[in-house]
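K.L.:
any chance you can model this:
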Amino acid sequence: MSDWPDDWILPDWPAPDSVKAVVTTRSGGVSQPPFDSFNLGDHVDDRPEAVAANRQRLQRALGSEPAWMSQVHSNVVIEADPQARPTADACWTTRKGVACAVLTADCLPVLFCDSAGSRVAAAHAGWRGLAAGMLEATVVALGESPTQLMAWLGPAIGPGRFEVGAEVRDAFVSQHAAACDAFTLSGNPGRYMADIYQLARIRLAACNVTAVFGGGFCTVSDPRFYSYRRAARTGRFASLIWLDH
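P.N.:
Numbers count the residues shown, from 1 in each chain. So this is what the prediction gives:
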């Protein structure tokens with residue numbers, strides 16, 4: 001479809017033909033260690049010229065212009081605008097040639113589209129944003145019946161690596177009792193292993209989005225991806241979705 005590295009990921013979901021999506025990996029860029037090589041984050045102390053070169057390569061590969069955000073673990077959703085850099089954690093568009101983009105390195109990226117293939121969105125959902133209603137806010141912003149939407153869960157920290165405290169468990173269980181099933185006791189007192197994919201599915205189902213695909217990745221154990229938990233000084237990969245020209 002485009003000229004990009006073989007290990008970049010194409011979502012496996014029944015999206016309409018007009019909807020295109022991809023997840024980048026560490027491959028294909030110019031950043032030096034520890035950001036090697038396709039770091040797209042401009043806030044991680046990588047050389048600005050390297051990030052700029054990587055972003056230019058990405059735009060050429062997509063044939064669409066990414067709309068970047070300043071992500072802050074919020075539940076703010078905005079219309080995608082490649083000419084701005086708003087503070088938000090999800091964006092949507094109905095415009096062809098504009099790619100909704102989120103940067104992650106363990107947090108959960110979620111891509112959305114409608115069944116008509118006329119609107120798309122990308123959301124950044126770390127546990128704080130997820131608990132604050134990030135996905136629900138994105139569903140509302142898309143302005144379609146939730147039954148007409150589908151979602152794809154991109155690469156995030158896996159349930160075997162995501163150890164959290166009781167406060168994280170309480171944040172989810174207090175809102176959805178079913179969230180209990182997404183936590184198991186870890187080997188450390190007062191700590192739990194969390195399944196962020198299951199938590200996302202529970203919350204999407206609660207707002208009637210049941211066509212949910214993806215999941216099953218682990219950014220910590222899969223060396224294709226940047227992982228903040230594996231190495232605090234690291235880059236960011238992107239999950240992007242756009243409407244074809």
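
K.L.:
name the helices or strands packed onto the helix ranked longest in the chain?
P.N.:
In the chain, with assignment by DSSP state H, the single longest helix is helix 48-62. Under the contact definition 3 or more C-beta pairs under 8 Å, 6 or more residues apart in numbering; DSSP states H and E, helix 48-62 sits against strand 65-67, strand 237-243. Where C-beta positions appear, they are placed from N, C-alpha and C, glycine not excepted.

K.L.:
most packed of those?
P.N.:
strand 237-243 (a mean of 27; mean count of other C-beta atoms under 10 Å).

K.L.:
angle of that strand against helix 48-62?
P.N.:
40 degrees (axes from the mean of the first three to the mean of the last three C-alpha atoms, to 10 degrees).

K.L.:
wait, doesn't Val23 sit right on Arg236?
P.N.:
No. With contact defined as C-beta atoms under 8 Å, Val23 does not reach Arg236; the gap is 11.8 Å.

K.L.:
before we move on, the earlier item: can you tell me what sits against the longest helix of the chain?
P.N.:
With C-beta atoms under 8 Å, 6 or more residues apart in numbering as the test, helix 48-62 has contacts from 2-4, 20, 22, 24, 28-32, 35, 38-42, 65-66, 99, 238, 240, 242.

K.L.:
coming back round to it: which stretch among the helices and strands packed on helix 48-62 comes nearest Ala179?
P.N.:
Closest approach to Ala179 among the helices and strands packed on helix 48-62 (C-beta to C-beta): strand 237-243, 23.6 Å.

K.L.:
distance between the ends of stretch 7-24?
P.N.:
8 Å (C-alpha to C-alpha, to the nearest Å).
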